[in-house]
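>>> Structure for the following, please:
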Amino acid sequence: SVLGMRDVAAERGADQFSIDVEDVETWLFDKAADLPPGARHAAPRSTPHTSSSTRRAELRGDGHNTTYSLFAFPAADNYGGKLYPLSWARGIKAKSTVHHQWKVLVDAAAFVPHHRLNMSEVGADFAVMSFYKLFGWPSGVGALIMRKDVEPLLSKAYWGGGGVFLATSSIKWHLLNEGVMRFEDGTLPFLEIIGLKHGLEVLEGLGGMDAVK
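Modelled structure (predicted):
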């Protein structure tokens, strides 16, 4: 739940707020406004889980202190089915400046059961979805889809199982796996993941998303 992310953001000292559709459209129309109504600029801060100052400098790549904001919105309302403009993603990212970068997350859980989602066209940095909403089974398996260039920006506090490459109990030190593998804690639900192949094949056999839509 995007709403559930608010507490995580607050624990890290971040501000969070909601914005209605009219204010989003007004903000995007105003080319001079880099922040939406109700927002304020935050001072650059490092997270306790960033590996090193060198890595942060590599991520910035321009010698400037950069802050990041995440704009999250549903592609489709889970309750009423209202569709929201996917063009928001590129419009919001265009609001980025040298010192402040906007990243966009699209909640596509209620959207993909009825519509095709082309991430190359949408331009969002992240998208989340639930497979059970596509074909009913398996439950408990979803996906976080992200651009490769934003993955290094994500920090991780908890680690265990398949997410860690090396660790020792004698000193407080560990080395996470590279890339997205560092997010895979413990044994994955491999039987359910295998089932996704068959669900997708049935969906395509019925005519794919065009037939469903």
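>>> for the chain, where's the lowest mean pLDDT among helices and strands?
helix 53-60 (a mean of 40; mean pLDDT, DSSP states H and E).
>>> Assumed residue 104 was part of a helix.
No. Using DSSP: H, G, I helix; E, B strand; the rest coil, the secondary structure at residue 104 is strand, not a helix.
>>> Name the SS class of the residue located most distally from the centre of the chain, please.
Distance from the C-alpha centroid of the chain, by C-alpha atoms, centre = their mean, peaks at residue 170 (35.1 Å). The three-state assignment at residue 170 reads coil, by three-state DSSP.
>>> Next one: it from residue 161, what distance?
20 Å (C-beta to C-beta, to the nearest Å). For the C-beta atoms, the positions are set from N, CA and C on the backbone; glycine is no exception.
>>> and the next element down the chain from the helix or strand encompassing residue 69?
According to DSSP states H and E, residue 69 maps onto strand 67-74. Later in the chain than strand 67-74, the nearest helix or strand by DSSP H and E is helix 88-93.
>>> Any stretches of the protein with poor pLDDT?
1, 38, 40-64 (pLDDT under 70).
>>> quick one: the strands in it?
Using DSSP state E, the strands of the chain run over 67-74, 100-107, 126-130, 142-146, 164-168, 173-176.
>>> May I have the beta-bridge partners of the residue nearest to the spatial centre of the chain?
By C-alpha atoms, centre = their mean, the chain has its centre lying nearest to residue 126, at 3.5 Å. When assigned by DSSP bridges, residue 126 has beta-bridge partners residue 105, residue 146.
>>> which ones are touching it?
103, 104, 105, 106, 144, 145, 146, 147, 150 (C-beta atoms under 8 Å, 6 or more residues apart in numbering).
>>> before we move on, back to that, in its sheet, what does the strand holding residue 69 sit against?
strand 100-107 (parallel).
>>> Give me the contacts around the longest helix seen in the chain.
Ordering each helix of the chain by length in residues (DSSP state H) puts helix 190-205 first. Residues from elsewhere that reach helix 190-205 (C-beta under 8 Å, 6+ apart): 131, 134, 135, 137, 138, 140, 141, 209, 212.
>>> Can you give me the buried ones in stretch 72-86?
Within stretch 72-86, the residues scored as buried using 16 or more other C-beta atoms under 10 Å are 72, 73, 74, 75, 76, 84, 86.
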